[in-house]
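1. Have a look; sequence and predicted model below, questions after that.
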Amino acid sequence: MVNTSTPIKAESKNLNFYYSNGHLALKNVSMPIYENKITALIGPSGCGKSTFLRCFNRMHDLYPGNKYDGQIVMHPDNTNILADGVDPIEVRMRISMVFQKPNPFPKTIFENVAYGLRVRDEKNHRVVADKVEEALKGASLWNEVKDRLNDLAFNLSGGQQQRLCIARALATDPEIMLFDEPTSALDPIATANIEELMNELRGKLTILVVTHNMQQAARISDYTAYMYLGEMMEYGDTDTIFTRPVRKETEDYITGKFG
Amino acid sequence: MVNTSTPIKAESKNLNFYYSNGHLALKNVSMPIYENKITALIGPSGCGKSTFLRCFNRMHDLYPGNKYDGQIVMHPDNTNILADGVDPIEVRMRISMVFQKPNPFPKTIFENVAYGLRVRDEKNHRVVADKVEEALKGASLWNEVKDRLNDLAFNLSGGQQQRLCIARALATDPEIMLFDEPTSALDPIATANIEELMNELRGKLTILVVTHNMQQAARISDYTAYMYLGEMMEYGDTDTIFTRPVRKETEDYITGKFG
Amino acid sequence: MHNNITELAISPRLAKNIRRNIKERMIELILMLAALSAVFTTFAIVAILLYESFGFFETVSLVEFFTSTEWTPLFEDAHYGIMPLIAGTLTTSLVALAVAVPVGTIGAIYLSEFASHKTREITKPILELLVGVPTIAFGYFALLFVTPLLQIIYPDLPGFNMLSAGLVMGVMIVPYIASVAEDAMRAVPMSMREGSYAMGATRFQTALRVVTPAATSGIVAAYILAISRAVGETMVVAVAAGQQPNLTFNPTEGAATITAYIVQVAMGDLPHTSIGYQSIFAAGLVLFVMTLCFNIIGYVVRKKFREQY
Amino acid sequence: MSSEHIYKQYDAELESVRAKVLEMGSLVEQQIVDALESLVKSNAKLAENVIKKDHLVNDLEVQVDEDCSHIIARRQPAASDLRMILMMIKTITDLERIGDEATKIARFSQKTQETDRMWTPRFAEIRTMANMAREMLHIALDAFARSDSAKVLKIAEMDQQLDEHYQMSIRHLITFMLEDPRTISMSLEVLFIAKAIERIGDHAKNISEYVVYMVKGKDVRHISMDAMADEVRD
Amino acid sequence: MSSEHIYKQYDAELESVRAKVLEMGSLVEQQIVDALESLVKSNAKLAENVIKKDHLVNDLEVQVDEDCSHIIARRQPAASDLRMILMMIKTITDLERIGDEATKIARFSQKTQETDRMWTPRFAEIRTMANMAREMLHIALDAFARSDSAKVLKIAEMDQQLDEHYQMSIRHLITFMLEDPRTISMSLEVLFIAKAIERIGDHAKNISEYVVYMVKGKDVRHISMDAMADEVRD
Amino acid sequence: MQAQDTQNKQSASVLADLDAVRAMIRRHKFNDLVFAGIGLIALMIGLLTLLTLFIDLVMDGYPRFNVQFFSDFPSRRAGSAGLLSAWVGSVLVMAVTFLSAVPVGVAAGLYLEEYAPKNWFSDLIEINVSNLAGVPSIIYGLLALGLFVYGLDLGQSILTAGLTLGLLILPTVIVSTREAIRGIPVAIREAAYAVGATKWQVVSDHVVKYSQGGILTGVIIGMSRAIGETAPIITIGALTFIAFLPPSPVTDVAPFLNFEWLSSGFTVLPIQMFNWLSRPDHAFHINAAATGAIIILVTLLMNGTAIYLRYKIRKNIKW
Ligand SMILES: Nc1ncnc2c1ncn2[C@@H]1O[C@H](COP(=O)(O)OP(=O)(O)OP(=O)(O)O)[C@@H](O)[C@H]1O
Ligand SMILES: Nc1ncnc2c1ncn2[C@@H]1O[C@H](COP(=O)(O)OP(=O)(O)OP(=O)(O)O)[C@@H](O)[C@H]1O
Ligand SMILES: [Mg+2]
Ligand SMILES: [Mg+2]
Ligand SMILES: O=P([O-])([O-])[O-]
């Protein structure tokens, strides 16, 4: 069912996750993330989608007391990014993230996109300018902002801001991009633009996206994983999941029989 | 196309609306609201859906400088609720509203539902208690809260809070209920519950609902109006609007060809 | 037919309308009068200051007021140059700011970005307590604790000096700046920080490059409000800096500030219409105008910050 | 169908379409029975009835199609719900065709009664075939009603038998015509009836194949019976 | 199809299914042409080709059905998009049937070549009919490709003519058989071919009716030609 | 084999990159550490000062912590001087302050948030309030001196002092009232209006109720500021040596209330402290220290209460 000829970019193996209050939010989650494909995570609220996603860039390390147990192995180098010896900052340099609400920095458009490079001590102006342009083009934003790169990012519309955040993430050449409900704060038109953009990134970038909106997962993803109560209930290619899921739970969720 | 045998409960006639900054947010909007049916308003963000909805309970009167021009006629008494002589408070006693985000008062569950009665100077304890129970039953919440009516409303989940707000509105026996994106702050399961509840209210109550979510309009409404840039582009029964709309603009919006 | 029925149903409501509306109007009127008290107070302040200063400036020319380098209104040989008082005020304020701005800002950054949740929860209230300590206590502290301490290091320091008054005032203002600046930084949404961390930034990079710029106007507002407070501060300087008008910017000397002068005059029982009595209003007017300027700037900056989030 | 949707209305809508499809099925089944009865018993009234009732079937087809399109537009069905709807959209086309074939038989029946009654012997074979086809349709509809995908095997087998019967009856008819050329015209009518019955069997088989799609999500059209058995089993 | 969807992928998916349907259409059209050619020119190879290629049509049917179900599940089509998808789901069933009928003709063609060549005269009529049916299919597919609902009227008219041709050819065949009972077996084959062609016409008409549904959102099945003309016009 | 090779190479290059990256990260993290140290020191400065200040006062003043200190009038002899007239004065002045500032402040806050139309008039009030909050306290003293003492001829009385401090904390009360009200979401108001409530019903049933805690916090903070306020009281000319108590507010004859105390002369705690502090005799400095410790204790208690209240409110209300 799953196309096995596509290389695997990352793989979670028996991943458990405990929040600082002891809550076990992920239970033995194993799944592959295929290279240059879009993988969507769906499931009812509180099932652990965001928790799972945020394991990939060790975002949980920002808040003390959280505990990982299990592995997330990146390929081709076979690094377990959850291992104790691995610095979260190093992980975040390889794996970018785009958040639910557009969160541009209070800087100019240019500086927003350049931020990742500055953090990486890139001093060469030419290199920075080129990268910024490339990233903005990649995020389909270049044409709209090329004449006002020095405007404050806050002056952009919500959808543009979100594309700016995507450009910011793109500028650092990440190996994987994480999206946590990237459109739930946007109106339908901006949503469609972001979805279309993700569609264009497919094939160039490995994407893992959490979405509340089942239909969105159906529209944009190649593979879909259905999570429930911290467990991975079913994983498969999107066409299959949406037309003939294997498990009753998935079927019920997809056809609106939960409750 | 539109079922003309259903009585009309209210009707907007050539309604224009100006915000205090002079912005003309509604342009000559005319449409009927059929009795005991669900009418949905859809359209891109900023098209004036909420503005239109809030004319029905004169919510705009709370903010000075806004101006109505045109009529909203209620039947059977033929009152133009926008007329100068009509007290907005009186209008609000006939037409209830449920908001985007659940907004219970920081009071007990009981007092939340009873509030509308208190405002109407209802002093009889029996009457109040009966009405509250009835309203909570009407909002499918009674079974979940009957043992803790004196708990603070904030202790309920988001979906329950929204149903509490519906109960609060129901308790005053409104003739029309307005819903302004009632589920956009809720997760899919709570959303489905609210939609199912609205479905149960159909036939007992006239409902006007604004929704961002086209599919929601498709699921729950009997009639659908498509608004664009403050104008009513198309109005018709929901089946027709979603399978063979007349206007190109509606078609494009519904099939996702905007942009 | 229909119309009749509904009219009957509505008319008792209409009757209630009128009573209801009168009640609503009355309440609004009362509340408005209360709000006007603020305007009244301002006008009263301005009027009193102007009125009494008017008497003062009938005797003293504005030129002398602003150019004379001596302030001895109570002496036989009276001079009316406000400059010494302003110099004293500015010097103590600058010393205070020199302490409060760096300490307050760094403290704020540490609290909002580095401190653990627990540290923050404990430290923040203590800082707020510091704001509540009566200034007279700080005056005592400056005069009887800090000055002797400083005299160990610097034996020539006079008993009344602006340095110790300024230093204590600085520490007194630290929580002001730290608290307001930290609020401003905390108002920067967590999502923005997560955005930065997600790019691989460290805490310090995030604090310096993202949080601080985002909170700039809030932090600046904190500084300005702190200046205004330093300028208007009375008891610390009155107690510890001495009450001798002295045109100097050397903090190791003693000097009177505007506020200290007013206290000094008010302590002695001057006759109501004397020039000495009037002089404190003239000095007060100057002080009022200075703080007003800072307040307005601070207000504007803070408002701008509020609009941002 | 097992658990219920959160949206009761949705359940109701699906149920209503499903009921219409089943109603259409029984209408059509009755048409087959009546058409045959009219043929065998020379009951002109019955034949007329079959023909008159055809519009009911047509109306139901249009209705179900419209209902299904409304459900798709309004409910965004997925997985089993979607498969059921697509299945029904296909099924009604076949049911409508079966109705047409039944009507065709009824028309021949009317004609036959106008002419002579010498054909009764041939009817025995036709009757067997018709019963078989009716049985197939019945099983297929039952499989739909019960979401029973396994029945497709039985129906496929019956369809093969029916085809054999049909081939045989054609051979018989040819012999018949050769023996007595005066019967040619009449024989042709019988041949068309046989052909119609054979088609009914085909349509019933189609429906049972759709049931497999609905239940298992697998397309078993155009594959061998062995392959089909594999698909249905697991 | 006029303006573009915000989702280019969606446009691409719709276009791809549409292309498959059209491909299926031309495959089937070619099958008709080839089957007839093989019959007329006694070209056994061609006949075999037609039979061999039938699986291509079947495969396309399965593919389009799957694609459409995926689009419905993933894109929640509405309005014209939805109508187009439903239309295609129906259309391919008819196309597949046309393919079957063409294959059937090809089979007869093979048989005919094995036996004798005395039947050529009858082929003239068959040929006319077949051309007509092919023409109808062509117009229907063209109407689909161009979203031209008006063509349904022309096709309905042609279908009537085709039906008349068919009735006539049956009468001719009966006369023929009566004249020379030895030809009965062969005549029946020709009769089946005629019948197949008549069915092709019917299927083409169905497709053109679906086009009306796709373009106008109106169901013009089972109604009189006049009513149809009304619907198409406004 | 080949594939294996390229894969190895690829991972090798990734790892080489990683070494550079790791070195960079180490550098960055060192900066973190340095700054954290500096920050901790900065915070300690404030906290340690407070601690030292308090300990200093307590150590200096501890000989005077006894009952007599509270029950004696001031005296020329440091050893027998007490705080009686000062703390009674403080209590009475605070009463006047509370009664004058709170109703007016809350009403003004309500008007500004709920009633005032958005125009030049409300802007005027707004700017006034925020400016008043920043006006140095001594200016209030001047205002009171010109207005209450001489203008209205109220004299250097408890009433004058109370009203002065009332004006002084008025902006605090108004601002905290407004902040508290502003914390109530528009949605709550609209919800109440939507079921047909009138404006006053909305204000009294909801706005006032839900902002009580916030207002109370503001009032306590304002009062604690007033209690330690020295400059304005000096300015209006409070007496520094008072060996009598004002007439009692409660009497034994009807109507049991007596308002003479309002116009009585008075002193308050901080004035007493300032007075003792200004004397050259070190013995009086001990009295000053003891008084200072007491004032700090009182204000700390009040502030502590306010902070606790705020914390509790924040925890309970999640809009
Ligand atoms: N910081 C936290 N501390 C403790 N528990 C948490 C924390 N964040 C989330 N949880 C819990 O972990 C579970 C999974 O949360 P998570 O945010 O991953 O869900 P989600 O699937 O992303 O839901 P949503 O769709 O609402 O974003 C939930 O039960 C939640 O209550
Ligand atoms: N208070 C206001 N003052 C001035 N203009 C306003 C105000 N509120 C809304 N508008 C404008 O009126 C138009 C209609 O707004 P409205 O809120 O009714 O849109 P909407 O269709 O409900 O959009 P949404 O889906 O985002 O809620 C918009 O252009 C908006 O900018
Ligand atoms: Mg067969
Ligand atoms: Mg025909
Ligand atoms: O629909 P058919 O009779 O041609 O199978």
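-> That came through, no problem. Ligands and ions are numbered 1, 2, ... in the order given.
2. Select the helix or strand of chain D having the lowest average pLDDT value.
-> helix D:225-233 (a mean of 86; mean pLDDT, DSSP states H and E).
3. Give the buried residues for it.
-> For helix D:225-233, the neighbour count (16 or more other Cβ atoms under 10 Å in any protein chain shown) marks D:228, D:231-232 as buried. C-beta here means a position set from N, CA and C on the backbone, and glycine is covered the same way.
4. Which secondary structure state is assigned to the residue of chain D found nearest chain F?
-> Nearest residue of chain D to chain F (Cβ to the nearest Cβ) works out as D:Ile6 at 26.4 Å. Following DSSP: H, G, I helix; E, B strand; the rest coil, we place D:Ile6 in the coil state.
5. What number of neighbouring residues does it come out with?
-> Close neighbours of D:Ile6, defined as other Cβ atoms under 10 Å in any protein chain shown, add up to 19.
6. you'd agree it is up against B:Ala192?
-> Yes. Because the distance of 3.9 Å satisfies Cβ atoms under 8 Å, D:Ile6 is recorded as touching B:Ala192.
7. any residue of the longest helix along chain D up close to ligand 5?
-> Ranked by number of residues, the top helix in chain D under DSSP state H is helix D:79-114. Yes. Helix D:79-114 lies within reach of ligand 5 by Cβ under 6 Å from any ligand atom, at D:Arg97.
8. buried ones in that helix?
-> By neighbour count on 16+ other Cβ under 10 Å, the buried set for helix D:79-114 is D:79-110, D:112-113.
9. can you check stretch F:59-69 too?
-> So, applying 16+ other Cβ under 10 Å, buried residues of stretch F:59-69: F:60-61, F:64, F:69.
10. The lengthiest helix in chain C and chain F, are they touching?
-> Using DSSP H to define each element, chain C has its longest helix at helix C:2-59. Yes. Using Cβ under 8 Å from any Cβ of the partner chain, helix C:2-59 reaches chain F at C:20, C:23-24, C:27-28, C:30-32, C:34-39, C:41-42, C:44-45, C:48-49, C:51-52.
11. Kindly provide the whole-number mean pLDDT of that helix.
-> Mean per-residue pLDDT for helix C:2-59: 75.
12. which strands and helices sit next to that helix?
-> Under the contact definition 3 or more Cβ pairs under 8 Å, 6 or more residues apart in numbering or on different chains; DSSP states H and E, helix C:2-59 sits against helix B:88-94, helix C:275-308, helix F:84-110, helix F:120-134, helix F:137-144, helix F:158-182, helix F:199-202.
13. Quick one: closest of those to chain A.
-> Closest among the helices and strands packed on helix C:2-59, once you apply Cβ to the nearest Cβ, is helix C:275-308, at 7.6 Å.
14. Measure how that closest one sits relative to helix F:137-144, angle-wise.
-> 120 degrees (axes from the mean of the first three to the mean of the last three Cα atoms, to 10 degrees).
15. Which positions in helix C:275-308 come out as buried?
-> C:275, C:277-288, C:290-292, C:294-299, C:301-302, C:305, C:308.
16. Stretch F:201-213 too?
-> F:201-203, F:205-208, F:210-211, F:213.
17. Name the nearest residue to the residue in chain C positioned nearest to ligand 3, sequence neighbours excluded.
-> Nearest residue of chain C to ligand 3: C:Ala198, at 63.2 Å (Cβ to the ion). Leaving out its chain neighbours, the residue that sits closest to C:Ala198 by Cβ to Cβ, 6 or more residues apart in numbering or on different chains is A:Met97, at 4.1 Å.
18. Which residues does the one you found form beta bridges with?
-> A:Leu178 (DSSP bridges).
19. ok, it - contacts?
-> A:Met97 sits next to A:53-54, A:57, A:59, A:169, A:177-180, C:194, C:198 when contact means Cβ atoms under 8 Å, 6 or more residues apart in numbering or on different chains.
20. Make CSV from those and add pLDDT to it.
-> Shown next, in CSV, are the contacts of A:Met97 (pLDDT from 0 to 100):
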residue, pLDDT
A:Leu53, 94
A:Arg54, 93
A:Asn57, 91
A:Met59, 91
A:Ala169, 92
A:Met177, 94
A:Leu178, 95
A:Phe179, 95
A:Asp180, 93
C:Glu194, 88
C:Ala198, 88
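21. So which of those residues is the closest to chain B?
-> Nearest member of these to chain B, counting by Cβ to the nearest Cβ, is A:Asp180, at 14.8 Å.
22. Can you tell me how far D:Val152 is from chain B?
-> In this structure, D:Val152 and chain B are 32 Å apart, going by Cβ to the nearest Cβ, to the nearest Å.
23. List phi and psi for that residue.
-> phi -60, psi -30 (degrees, to the nearest 10).
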